[in-house]
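Student: what follows is a protein structure lacking sequence information:
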Ligand code: NAP
């Protein structure tokens, strides 16, 4: 078996893995490799190719601050354009040569005796190992599609497709289609599929709150200004950023102040749907913001179409020919589209990462909940930095902002360990515990806790462990420098810890 030695192994070539690679190069670190199971850069923006896939954060902000794109065609970009942008940035920064595509990481285990992560990878059917001093886990929280726990999927004789694994060769024209789910992905793909399908049944468990999408093409004058007026795009980013941060206040500290957003959503329904029964069905019963606030102009018109039915009776099961609801109605279809999201707090990836004492990330998080330190490090997993780790997700603005905050932390971490000859850094359990207690305290009045909805923002302990509470500039502030005092560090080849305050994790702890 081939063994490859590198200083840093980055797993994942999406926005965060690519960003990490670029920042390392810019800071003089070249001894790294990116491993990705796909065929090019883009991560979730490579994998989600369903019709209508687009970003609901304006392109000006949903891009790297160090790689402005004056050629965005519209105010909100669609998947092909974002995918192209990410690949262009990778080429402009010479990162492709560092990247091994088609490479699946099957397991990553920390070996204390070697002070190395050893990654078992499969590439073109061949098993190899990559040994790295530091591992950057950049797989993203939305990478493992979630199939709903509904009986009968195996019995279905037609086609099943998940929104994140779209089959672009399949022709929906004239087909009888079922879509399960009414989240961010479903509301984008349903209007497109409805145009082609003979009949479309949309299975809704929970109605989402939806604001209009203020999307428009950029004018030639704007494109000229993006290219030629210094600071124009930066200023636009600033405006979008500031406007979005206002929502953060309402979501985290004052859900009542989100009332105007609810009124906009209600007006959106009133304007789009005439049928009283359909209006009732699409009006959410939880507080706006408790689940992601969606953006669409074509969702309500789509479900009001004559060939579309919104089914709200719970699904009882799937048969060989279609879907049966609990009221006993059977609806036969040719294809079932599963738009039911991702394994976020229970990702199978967590089973594959093994830290000290042979404990997997899944095992540790099963016990203490999905928690880490500054979204980046987890006690018991030395020399591993996670991108978009626990408590970094957002419902109101661009994840790229959070990623870039973590990139500052990554660069300072790498610079520090190099300068000080540190061979092992493990975040202290007490630092992690205090950090998470503070996060949970900040969330106590939030709409995610009190808004009356069930959401994937919560882990199995019932804690919100996916979202960053409050303003994102606070995350930028706390990730500016690698705060070495929060870590147990060791230097050189010996196992002598420099910190006198090492604390062992108790057997059972809740945040
Ligand atoms: P999602 O938000 O998790 O939505 C999943 C949908 O499936 C929900 O409507 C859910 O209903 C439904 N569902 C799950 N299990 C079900 C079952 N057993 N029976 C019936 N319905 C079931 O997933 P997503 O739409 O793929 O979006 C995931 C995330 O991806 C988003 O929150 C967002 O962060 C990201 N995304 C972003 C964009 C963008 O524009 N930037 C676009 C797409 C996705 P319940 O609500 O009742 O659980």
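Tutor: All right, it came through fine. Quantities reported herein were computed from a predicted structural model and do not represent experimental measurements. Numbers count the residues shown, from 1 in each chain.
Student: from here on, contacts and neighbour counts on C-alpha atoms
Tutor: Noted.
Student: contacting residues around the residue nearest to residue 86 when sequence neighbours are not counted?
Tutor: Among residues not flanking residue 86 along the chain, residue 42 sits closest, at 5.9 Å (CA to CA, 6 or more residues apart in numbering). Going by CA atoms under 8 Å, 6 or more residues apart in numbering, residue 42 touches 13-15, 83, 86-87.
Student: with neighbour count, distance to the ligand and pLDDT added, can I get these in JSON lines?
Tutor: Output for those, formatted as JSON lines (neighbours: other CA atoms under 10 Å; distance: CA to the nearest ligand atom, whole Å; pLDDT from 0 to 100):
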{"residue": "13", "neighbour count": "33", "distance to the ligand": "18", "pLDDT": "98"}
{"residue": "14", "neighbour count": "23", "distance to the ligand": "14", "pLDDT": "98"}
{"residue": "15", "neighbour count": "27", "distance to the ligand": "13", "pLDDT": "98"}
{"residue": "83", "neighbour count": "23", "distance to the ligand": "13", "pLDDT": "98"}
{"residue": "86", "neighbour count": "25", "distance to the ligand": "15", "pLDDT": "98"}
{"residue": "87", "neighbour count": "21", "distance to the ligand": "18", "pLDDT": "98"}
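Student: farthest pair within these?
Tutor: 13 and 83 (11.5 Å; CA to CA).
Student: now the common contact residues for these two.
Tutor: 41-42.
Student: surely residue 40 and residue 86 touch.
Tutor: No: Residue 40 lies out of contact with residue 86 (CA atoms under 8 Å); the separation is 9.5 Å.
Student: look at residue 45 and report its pLDDT.
Tutor: On the pLDDT scale, residue 45 is placed at 98.
Student: circling back to that earlier point, so which of the contacts of residue 42 are in helices?
Tutor: Of these, the ones assigned to helices by DSSP state H are 15, 83, 86-87.
Student: could you single out the nearest of these to residue 216?
Tutor: Out of those, the member with the shortest distance to residue 216 (by CA to CA) is residue 83, at 19.4 Å.
Student: OK, contacts around that closest one?
Tutor: Residue 83 sits next to 41-42, 45-46 when contact means CA under 8 Å, 6+ apart.
Student: gap between residue 455 and residue 373?
Tutor: Remark: distance between residue 455 and residue 373 (CA to CA, to the nearest Å) = 23 Å.
Student: between those two, who's got more neighbours?
Tutor: More crowded of residue 455 and residue 373, by other CA atoms under 10 Å: residue 373, with 23 against 14.
Student: okay, now residue 372: neighbour count?
Tutor: Neighbour number of residue 372 under other CA under 10 Å is 23.
Student: next: residue 419.
Tutor: As a measure of burial, residue 419 has 9 neighbours, counting by other CA under 10 Å.
Student: that one is in what secondary structure piece?
Tutor: Assigned by DSSP states H and E, residue 419 belongs to helix 399-420.
Student: that helix near the ligand at all?
Tutor: No: contact of helix 399-420 with the ligand (CA under 6 Å from any ligand atom) is absent, the minimum separation being 9.2 Å.
Student: I'd like the average pLDDT over that helix.
Tutor: Averaging pLDDT along helix 399-420 gives 98.
Student: show me what it is packed up against.
Tutor: In this structure, helix 399-420 packs against helix 15-26, helix 472-478, with contacts taken as 3 or more CA pairs under 8 Å, 6 or more residues apart in numbering; DSSP states H and E.
Student: what does the chain put close to the ligand?
Tutor: So the chain meets the ligand at 54-56, 148-150, 180-186, 204-206, 292, 339-341 (CA under 6 Å from any ligand atom).
Student: out of those, which are inside strands?
Tutor: residue 180 (DSSP state E).
Student: which of the residues of the chain next to the ligand fall within helices?
Tutor: Using DSSP H, the residues of the chain next to the ligand in helices are 184-186.
Student: who wins for neighbours among the residues you listed?
Tutor: That'd be residue 186 among these, by other CA under 10 Å, with 24 neighbours.
Student: that one is in contact with residue 179, isn't it?
Tutor: Yes: in this structure residue 186 lies within contact range of residue 179 using CA under 8 Å: 7.5 Å.
Student: list the residues that contact both of these two?
Tutor: residue 339.
Student: what is the least confident helix or strand in this structure?
Tutor: strand 2-11 (a mean of 92; mean pLDDT, DSSP states H and E).
Student: the contacts of residue 83: which two are farthest apart?
Tutor: So, these by CA to CA: farthest apart are 41 and 45, at 8.5 Å.
Student: have a look at those two and say which one is more surrounded.
Tutor: Between residue 41 and residue 45, residue 41 has the larger neighbour count (other CA under 10 Å), namely 28 against 22.
Student: pretty sure the more buried one contacts residue 89?
Tutor: No: judged on CA under 8 Å, residue 41 makes no contact with residue 89 at a distance of 9.6 Å.
Student: ok, residue 463 - contacts?
Tutor: Contacts of residue 463 were listed using CA under 8 Å, 6+ apart, and they are 369, 440.
Student: roughly how far does it sit from the ligand?
Tutor: 16 Å (CA to the nearest ligand atom, to the nearest Å).
Student: remind me, longest strand of this structure?
Tutor: Max-length strand for the chain by DSSP E is strand 126-137.
Student: can you tell me the average pLDDT over it?
Tutor: Averaged over strand 126-137, pLDDT sits at 97.
Student: same check on stretch 375-388?
Tutor: Stretch 375-388 comes out at a mean pLDDT of 98.
Student: end-to-end on it?
Tutor: So stretch 375-388: terminal residues 6 Å apart, CA to CA.
Student: please enumerate residues in contact with that stretch?
Tutor: By CA under 8 Å, 6+ apart, stretch 375-388 touches 16-17, 110, 133-141, 354-356, 371-372, 389-392, 402-403, 406, 410, 424-429, 432.
Student: one more pass at 6 Å, please.
Tutor: For stretch 375-388, contacts defined as CA atoms under 6 Å, 6 or more residues apart in numbering pick out 134-138, 355-356, 372, 389-392, 425-427, 429.
Student: and the helices and strands packed on helix 399-420, which is most packed in?
Tutor: helix 15-26 (a mean of 23; mean count of other CA atoms under 10 Å).
Student: whichever helix or strand comes after that helix pairs with which strands?
Tutor: Next helix or strand after helix 15-26 toward the C-terminus (DSSP H and E): strand 32-35. Strand 32-35 pairs in its sheet with strand 2-11 (parallel), strand 99-100 (parallel), by DSSP bridges.
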